[in-house]
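K.L.:
Here is the input, now give the coordinates:
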Amino acid sequence: MRDPAQLLAAAADGDRSAWDELESSFGPRMWAVARACGLSPADASDAVQGTWLRLLQNLRNIREPAGIGNWLVTTVRREALLLRRKDLPVISSAEPIYEPDPAAAVLEADDRHLLWKTVSTLHEPCRSLLQLVAIDLGNQQVASRLGMPTGSVGPTKARCLEKLRTLISLQETAQ
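P.N.:
Below you'll find the model as predicted:
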């Protein structure tokens, strides 16, 4: 494995192999942490994906690149705990009812709003491609809907995500 600082710098510059190396090096541990928090496989997937998104948003702001493993584990644990809080029952004298954590709901809604507001500012094909990726269509379906070769979807998606990351980073810096 390359040095974590080199991996982060390469990933920030759009090097797909650096992302792949980060995922293969730290992904299994992130999954283990999410599952150890008691999440279902689907919720663990959400926690892990949310962590990768947070890394994408903060890629150039990581203070200690050598500690990226610890940063990822801490972030996935926080994501997992936020997901768990939403599903915890509130016990009363009657039947248990489920109440979402209002603070987590507000933070999540703000994050979603910022994300989709930023996606809407992108030019085509990025705007449509990212919307189709969000609903989890495969590359063939995305290519078919956008009228592009299947082999172009991955590289186009990588470029679009980089544009999105840059825009979100600029917005966060301005706040």
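K.L.:
can you pull the contacts of Leu72?
P.N.:
Each residue near Leu72 by CB atoms under 8 Å, 6 or more residues apart in numbering is listed here: 26, 29-30, 51, 55. Bear in mind the C-beta positions are built from the backbone N, C-alpha and C, glycine included.
K.L.:
If we use 10 Å, what do you get?
P.N.:
Applying CB atoms under 10 Å, 6 or more residues apart in numbering to Leu72 gives the contacts 22, 25-27, 29-30, 33, 48, 51-52, 54-55.
K.L.:
starting at the chain centroid, how far to the host helix or strand of Leu82?
P.N.:
Using DSSP states H and E, Leu82 maps to helix 68-87. With CA atoms, centre = their mean, to the nearest Å as the basis, helix 68-87 stands 12 Å off its chain's centre.
K.L.:
swap in stretch 141-150?
P.N.:
For stretch 141-150 - counting by CA atoms, centre = their mean - the centre lies 23 Å from the chain centre.
K.L.:
export the contacts of Leu72 to a markdown table and tack on secondary structure, distance to Leu161 and neighbour count?
P.N.:
Output for those, formatted as a markdown table (DSSP: H, G, I helix; E, B strand; the rest coil; distance: CB to CB, whole Å; neighbours: other CB atoms under 10 Å):
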| residue | secondary structure | distance to Leu161 | neighbour count |
| --- | --- | --- | --- |
| Leu22 | helix | 14 | 22 |
| Ser25 | helix | 20 | 16 |
| Phe26 | helix | 19 | 24 |
| Gly27 | helix | 17 | 16 |
| Arg29 | helix | 23 | 13 |
| Met30 | helix | 19 | 24 |
| Val33 | helix | 24 | 22 |
| Val48 | helix | 16 | 24 |
| Thr51 | helix | 15 | 25 |
| Trp52 | helix | 10 | 19 |
| Arg54 | helix | 14 | 17 |
| Leu55 | helix | 12 | 20 |
